[in-house]
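Asks: sequence first, then the predicted structure, then my questions.
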Amino acid sequence: MEITYWNKNIETMDRPAIEALQLQRLRELVDQSLKMDFYKNRLLRVGITSSEDIQSLDDLRRLPFNVKDDLRQNFPTGLLAVDMRDVVRVHSSSGTTGIPTVIYFSRQDMDNWTDLLARSIVATGCCQDDVFQNMMTYGLFTGGLGLHYGAERVGMTVIPVGGGNTQRQVQIMKDFKTTVLHVTPSYLLHIHSKLESFETRPEDLYIQRVFLGAEPYSENTRLKLEDLYGIDAYNSYGLSEMNGPGVAFECVYKQGMHVWEDAYILEIIDPETGEILPDGEQGEVVLTNLVRSAMPLFRYRTRDLAYVNSEPCRCGRTHRRLSRIQGRTDDMLIINGVNVFPSQIEEVIMAIPEVGTNYLIHLTKIGSLDKLAVKVEIYSKLFTGDMSALDGLKAKIKEKLRASITINPVIELHEPGALPHSEGKAKRVLDEREQL
Amino acid sequence: MAKQLTIFMENRPGRMKSISDVLLENNLNIWAFTIQDRGEFGLMKLIVDKPEKAHLILADRGFACVLKDVLAVTAENDQPGNLDRLTTALLEKGVNIKDAYGFVSPKDRQGICLIEVENPDGVDLEEAIAAHGFTLLTGKELYEL
């Protein structure tokens, strides 16, 4: 198989060279962090007063972990290390308590991130000849714009169509002879189910490669998609706290995702004890971002569970590979590619007086798309017996949830006491989706 | 005005029986009922002989329920055109009918029409209906049939 690189020097550098580069960048990160009140207090507490205290990569373990709550508590600008006028991009994801997680990029940071995405794209065998149809949501989420700029940097022809409108997506694939897609696996399955109604067969399309992301799916789903469309489908990994997509990406051998270790320090820890686990053992993914000066973030606990493969890869890249994400350490749900915490839904429900405190989040699949039903109980004391008031209540809950979690739920009203009680170990989430 | 008991009820097997069980236990008599369906739930609307008592007992059992004003209309003679005259009377006053159902009185075999209305202008409904030859039953008259 022909192997192409974006930056062969860095992608194939030997482990001592990678680690030397990591150490140098970690020391810069520590110096940058010490300029910020939040990190300074934390670092001084563990006796780190300058980058001089970081003599080897083992000293990384002296740094405290950071978690999502740290980002929220520092909203909006507490973790901003540069003047706002030096920030060229802001991304944000919805938060569990209404406070979003916000990420800042300087011009140099954007350049670094874009380069990692270009590297990721080329690792899958793409080149300037490709036509790239980006079907991920644009906007505050990092997925859409991240890959967009990466693909442009590679020189691909970029079609920034965004999500939705299946018929138009298929028409564009045909009109522009699209060769590469960036899409959620559930949407790609959905499109396949619609092809016949557009009088289109998979072989009428020109698709060769697909970047999958934004939601969990199994190896079987990847294989199924590859089979249905006659394509190569690539797994990718990223999260907005670590810039977005492009933290790790599969190469043409599709045996795990190379973590770009010149840009990120990867640790796998026991989520209970915080102990660092050896390669091959499953634990929580912890990442240090070495290439974002506007908003430093080190030892960030992603809450994703995975393991590392340090065997050499046939592609020649020396960067270790991360397994498919095996699960989460928290209760985050991924619904049609959007991250949702049950607490976000609970918060909305609790603020509506006409419904009780018991609720049930019910997830099912319709075709290949997720359906979210939120079941709530009528609150007896505010029951008016008026049907139009009940219709209005459902519409109000639906709208408030949509505003909070960006997903349109189906609202169901139930009798008082019909749903699981709030005391004890109530099961709030009933997930009946078949794993993709 | 007469009172109708409106109960929130999930649309699944056994829920209507859970209400009728309570009425039976307490020896409450049903004159009329209807169900307004809305997918996963519906509203059960009841005319019973002791609406306050039924309301208190059902609420105590955890049901979301409420007593609502309802027009209980009856005519002197059961004849073709009664409903048309009644709707004409309400239309003249701009009153909107939200729900309606009926039953036959066990006492004198007269039809009784129960109407939930929207009356934003506060029209004197009794007068409007009487002008067309109808009688508006009071709660007491209705419950003691």
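Replies: Great, that's in hand. Keep in mind that what you see is a predicted model, and the values were worked out from it rather than measured. Numbers count the residues shown, from 1 in each chain, chains lettered A, B, ... in the order given.
Asks: who are the contact partners of A:Ser323?
Replies: By Cβ atoms under 8 Å, 6 or more residues apart in numbering or on different chains, A:Ser323 lies in contact with A:Gly256, A:Gln282, A:Ala306, A:Tyr307, A:Val308, A:Asn309. Where you see a C-beta, it was placed from the backbone N, CA and C, and this is true even at glycine.
Asks: chain neighbours aside, what residue packs nearest to the fourth one?
Replies: Pointing back at A:Tyr307 there. A:Gln282 (4.4 Å; Cβ to Cβ, 6 or more residues apart in numbering or on different chains).
Asks: any idea how far the one you found is from chain B?
Replies: Distance, A:Gln282 to chain B, using Cβ to the nearest Cβ, to the nearest Å: 41 Å.
Asks: list of residues touching stretch B:3-19?
Replies: Counting by Cβ under 8 Å, 6+ apart, A:378, A:383, A:385, A:390, A:413-415, A:418, B:35, B:37-48, B:51-52, B:54-55, B:58, B:63-70, B:114, B:116, B:139 sit against stretch B:3-19.
Asks: now do the domain split for the chain, please.
Replies: Picking chain A for this. When chain A is parsed with automatic domain parsing, its domains come out as A:8-330, A:338-431.
Asks: ah, no, chain B please
Replies: According to automatic domain parsing, chain B comprises the domains B:2-68, B:70-143.
Asks: mean neighbour count added to those, as TSV?
Replies: Shown next, in TSV, are those (neighbours: other Cβ atoms under 10 Å in any protein chain shown):
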stretch	mean neighbour count
domain B:2-68	18
domain B:70-143	15
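Asks: now the ones you listed in JSON lines, with distance to A:Leu63?
Replies: JSON lines is the format used below for those (distance: least, Cβ to Cβ, whole Å):
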{"stretch": "domain B:2-68", "distance to A:Leu63": "52"}
{"stretch": "domain B:70-143", "distance to A:Leu63": "66"}
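Asks: those: lowest mean pLDDT?
Replies: Least confident of the domains of chain B, judged by mean pLDDT, is domain B:70-143 with a mean of 90.
Asks: what's the end-to-end length of that one?
Replies: 13 Å (Cα to Cα, to the nearest Å).
Asks: what two of the contacts of A:Ser323 are the furthest from one another?
Replies: The distance between the two most remote of those (Cβ to Cβ) is 13.2 Å, for A:Gly256 and A:Gln282.
Asks: quick one, what contacts A:Gln282?
Replies: Contact analysis of A:Gln282 by Cβ under 8 Å, 6+ apart lists A:Ile268, A:Leu305, A:Ala306, A:Tyr307, A:Ser323, A:Gln326.
Asks: would you confirm that A:Gln344 belongs to a strand?
Replies: No. Per DSSP: H, G, I helix; E, B strand; the rest coil, A:Gln344 lies outside any strand segment and is helix.
Asks: neighbours of it, how many?
Replies: For A:Gln344, the neighbour count with other Cβ atoms under 10 Å in any protein chain shown is 20.
Asks: before we move on, back to that, so of the contacts of A:Gln282, which ones are in strands?
Replies: Of the positions in those, A:Ile268, A:Leu305, A:Ala306 sit in strands, assigned by DSSP state E.
Asks: any chance of the contacts of A:Ser323 in JSON lines, plus pLDDT?
Replies: Listed next are the contacts of A:Ser323 as JSON lines, based on pLDDT from 0 to 100:
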{"residue": "A:Gly256", "pLDDT": "97"}
{"residue": "A:Gln282", "pLDDT": "95"}
{"residue": "A:Ala306", "pLDDT": "96"}
{"residue": "A:Tyr307", "pLDDT": "97"}
{"residue": "A:Val308", "pLDDT": "98"}
{"residue": "A:Asn309", "pLDDT": "97"}
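Asks: for PyMOL, write a command that selects the buried ones of those.
Replies: Burial among the contacts of A:Ser323 is assessed by 16 or more other Cβ atoms under 10 Å in any protein chain shown; the matching PyMOL selection reads:
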select buried, chain A and resi 256+306+307+308+309
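Asks: phi, psi for the residue found closest to B:Val123 once you drop the neighbours it is linked to in the chain please.
Replies: Nearest residue to B:Val123, sequence neighbours excluded (Cβ to Cβ, 6+ apart): B:Lys93, at 4.4 Å. Backbone torsions for B:Lys93, taken as degrees, to the nearest 10, come to phi -100, psi 0.
Asks: ok, B:Lys93 - contacts?
Replies: B:Lys93 makes contact with B:Asp121, B:Val123, B:Leu125, B:Ala128, according to Cβ under 8 Å, 6+ apart.
Asks: distance of A:Tyr206 relative to chain B?
Replies: Separation of A:Tyr206 from chain B (Cβ to the nearest Cβ) stands at 44 Å.
Asks: could you look up the SS state of the nearest residue to that residue once chain neighbours are set aside?
Replies: Excluding its sequence neighbours, the residue lying closest to A:Tyr206 (Cβ to Cβ, 6+ apart) is A:Lys177, at 4.4 Å. Assigned with three-state DSSP, A:Lys177 falls in the coil class.
Asks: start and end of stretch A:30-40, how far apart?
Replies: 9 Å.
Asks: out of the domains of chain A, which gets the lowest mean score?
Replies: domain A:338-431 (a mean of 88).
Asks: still on that earlier bit, of the ones in strands among the contacts of A:Gln282, closest to chain B?
Replies: Nearest to chain B out of those is A:Leu305 (Cβ to the nearest Cβ; 36.0 Å).
Asks: thought A:Thr329 was touching that closest one, still the case?
Replies: Yes. In this structure, A:Leu305 is within contact of A:Thr329 by Cβ atoms under 8 Å, at 6.4 Å.
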